[in-house]
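Enquirer: Just the structure for this:
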Amino acid sequence: MADVFDYKCPCCNGALVFSSATQKMSCPYCDNEFDVQTLREMDEELKANNDDDLKWESAAGGEWQEGEEENLRSYICKACGGQIVSDLTTMASSCPYCDSPIVMKGQVKGELKPDIIIPFKLDKEAAKAGLNRHLQGKKLLPKVFKRQNHINEVKGIYVPYWLFDADVQANFTFKATKVRTWSDNNYNYRETSYYYANRKGTMGFDEIPVDGSTKMADDLMESLEPYDLSAAVDFQTAYMAGYLADKYDVNAEESVARANERVKVSTEQTFRSTVTGYNSVTKEVGNISLTNGKAKYALYPVWLLNTTWQGKQYTFAMNGQTGKFVGDLPMDKAAYWKWWGIYTVIVSAIAFVAMLFVC
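Expert: Next comes the predicted model:
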């Protein structure tokens with residue numbers, strides 16, 4: 001049976017949690033607070049409890065020793081003695097019996113240690129408020145959704161990310177057009193001129209994020225970007241106290257293809273934006289070469305909210321640092337067709353007036 005690690009208050013021995021409001025370790029029992037740096041010794045104790053051949057030095061994170069192969073892990077809570085069962089990718093959670101925040105030591109063995117972590121800046125109440133703001137102003141949202149849906153679960157989770165650096169050499173040829181129109185008493189004229197624009201240069205990309213968890217949809221996680229990496233700190237397990245945390249189940253090598261795709265799209269868009277003054281611009285040919293690729297392992301803060309309405313579950317996510325909120329909503333079909341009918345009438349009226357002027 002694997003072991004767990006929790007942070008105890010030096011004053012009352014209660015379980016400490018990381019406070020997003022104060023950015024300190026907080027005791028909910030005696031209200032004392034402690035700077036995260038002062039608890040670094042606890043991390044050293046955590047590392048010391050692992051085997052002697054522990055290694056954390058790596059280009060992307062450090063190496064822990066090989067972990068177990070089972071799909072489930074069981075743990076004993078040090079606070080109340082309750083048994084906790086989790087899957088392979090859960091690194092931090094809370095005891096279902098006494099709600100003590102815990103870090104699961106057995107889960108991090110055999111995997112890379114994160115290089116950096118962005119601590120939560122916003123709490124659970126901010127996530128609930130974010131959902132309410134997300135519902136405002138949605139004309140096609142069923143009115144009863146706000147009243148009848150209820151939040152099943154709100155959880156703060158650290159999502160594993162790979163951050164890639166790369167240098168890019170690119171060479172593009174774009175086809176562009178300029179259109180000139182004029183009229184005389186007899187005819188309307190249209191002249192189209194064609195041009196080729198060549199662009200060549202280099203770019204550098206730093207810390208391109210790629211979600212390292214199959215539990216999280218890539219499009220949902222990318223919608224939460226950007227994160228402010230200037231607020232990232234060196235990883236310490238203390239920041240995970242009071243939150244859930246997943247370890248990666250998609251490694252850096254498996255994430256490279258997604259990172260390369262994001263680099264190529266951004267490079268082409270950047271070079272294309274330099275071709276200005278034309279009516280249209282399309283890429284004819286292009287070549288992109290990537291070099292000096294590096295990767296880091298990071299944990300990003302995300303609030304996940306699940307709500308149910310008419311038997312269907314809707315999942316929303318909020319950036320735990322910036323408050324950016326995303327998620328799909330149900331659509332009132334009657335309202336949709338109503339708005340579509342109004343739009344059609346307006347467009348038809350404009351077209352009719354335009355025809356009168358032409359005639």
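Enquirer: any idea of the mean pLDDT in the longest strand along the chain?
Expert: Counting by DSSP state E, the longest strand found in the chain is strand 150-183. Across strand 150-183, the average pLDDT comes to 89.
Enquirer: what about the closest residue to D211 other than its chain neighbours, is that helix, strand or coil?
Expert: Spatial nearest neighbour of D211, chain neighbours left out: M221 (4.3 Å); criterion: C-beta to C-beta, 6 or more residues apart in numbering. From N, CA and C alone the C-beta is placed, and that goes for glycine too. Look at M221: counting by DSSP: H, G, I helix; E, B strand; the rest coil, its state is helix.
Enquirer: Tell me who's in contact with M221.
Expert: If a contact means C-beta atoms under 8 Å, 6 or more residues apart in numbering, then M221 has 159, 211, 302, 317 as its contacts.
Enquirer: top of these by neighbour count?
Expert: Counting neighbours by other C-beta atoms under 10 Å, V302 leads these with 26 neighbours.
Enquirer: follow-up on the earlier one: tell me the spacing between the residue nearest to D211 and Y161.
Expert: 8 Å (C-beta to C-beta, to the nearest Å).
Enquirer: list residues touching both of those two?
Expert: Counting by C-beta under 8 Å, 6+ apart, the residues touching both M221 and Y161 are D211.
Enquirer: List the buried residues of the longest strand of the chain.
Expert: Buried residues in strand 150-183, counted by 16 or more other C-beta atoms under 10 Å: 154, 156-164, 166, 168, 170, 172, 174-176.
Enquirer: what's the answer for stretch 229-248, then?
Expert: Those would be 232, 235-248, for stretch 229-248 by 16+ other C-beta under 10 Å.
Enquirer: Stretch 197-205 too?
Expert: Buried residues in stretch 197-205 (16+ other C-beta under 10 Å): 197, 199, 205.
Enquirer: Return the alpha-carbon coordinates of it using PDB.
Expert: Only the C-alpha atoms of stretch 197-205 are listed here, as PDB (Å, rounded to 0.1, in the frame of the first residue of the first chain):
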ATOM      1  CA  ALA A 197       5.600  38.000 -52.400                       C
ATOM      2  CA  ASN A 198       8.600  36.200 -50.900                       C
ATOM      3  CA  ARG A 199       9.300  36.100 -47.200                       C
ATOM      4  CA  LYS A 200      12.300  34.500 -45.500                       C
ATOM      5  CA  GLY A 201      13.500  34.800 -41.900                       C
ATOM      6  CA  THR A 202      13.900  33.200 -38.500                       C
ATOM      7  CA  MET A 203      11.800  33.100 -35.300                       C
ATOM      8  CA  GLY A 204      12.100  31.900 -31.800                       C
ATOM      9  CA  PHE A 205       9.400  30.200 -29.700                       C
END
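Enquirer: A197: which element?
Expert: strand 188-211 (DSSP states H and E).
Enquirer: Sorry, slip of the keys, the one I care about is V250.
Expert: Counting by DSSP H and E, no helix or strand carries V250.
Enquirer: OK, contacts around it?
Expert: Contact analysis of V250 by C-beta under 8 Å, 6+ apart lists 211-214.
Enquirer: same thing but at 7 Å, please
Expert: Counting by C-beta atoms under 7 Å, 6 or more residues apart in numbering, V250 makes contact with 212-214.
Enquirer: Could you do P28 as well?
Expert: By C-beta under 7 Å, 6+ apart, the residues touching P28 are 14, 17.
Enquirer: That one belongs to a strand?
Expert: No - counting by three-state DSSP, one finds P28 to be coil, located in no strand.
Enquirer: how close does L163 sit to L229?
Expert: From L163 to L229 the distance is 8 Å (C-beta to C-beta).
Enquirer: Give the residues shared as contacts by the two.
Expert: Here L163 and L229 have E207 as joint contacts, going by C-beta under 7 Å, 6+ apart.
Enquirer: beta partners for T282?
Expert: K175 (DSSP bridges).
Enquirer: doesn't K175 make contact with it?
Expert: Yes - T282 is within contact range of K175, at 5.2 Å (criterion: C-beta atoms under 7 Å).
Enquirer: how about low-confidence regions in the protein?
Expert: For the chain, the stretches with pLDDT under 70 are 1-7, 12-13, 39-111, 137-152, 309, 329-359.
Enquirer: can you give me the helices in it?
Expert: Using DSSP state H, the helices of the chain run over residues 40-48, 105-108, 124-135, 143-148, 218-223, 252-272, 333-358.
Enquirer: How about the contacts made by V285?
Expert: Counting by C-beta under 7 Å, 6+ apart, V285 has contacts T173.
Enquirer: gap between it and A197?
Expert: The spacing between V285 and A197, counted by C-beta to C-beta, is 12 Å.
Enquirer: ok, of the buried residues of stretch 197-205, which one's closest to N132?
Expert: Ranked by distance to N132 (C-beta to C-beta), the buried residues of stretch 197-205 are led by F205 at 36.4 Å.
Enquirer: Verify the stated contact: that closest one with A166.
Expert: Yes - in this structure F205 lies within contact range of A166 using C-beta under 7 Å: 5.0 Å.
Enquirer: Between the two, which contacts overlap?
Expert: Residues touching both F205 and A166 (C-beta under 7 Å, 6+ apart) are V263.
Enquirer: Please tell me how far D167 sits from K294.
Expert: 10 Å.
Enquirer: count of residues packed around W303?
Expert: Neighbourhood size, W303 [other C-beta under 10 Å]: 26.
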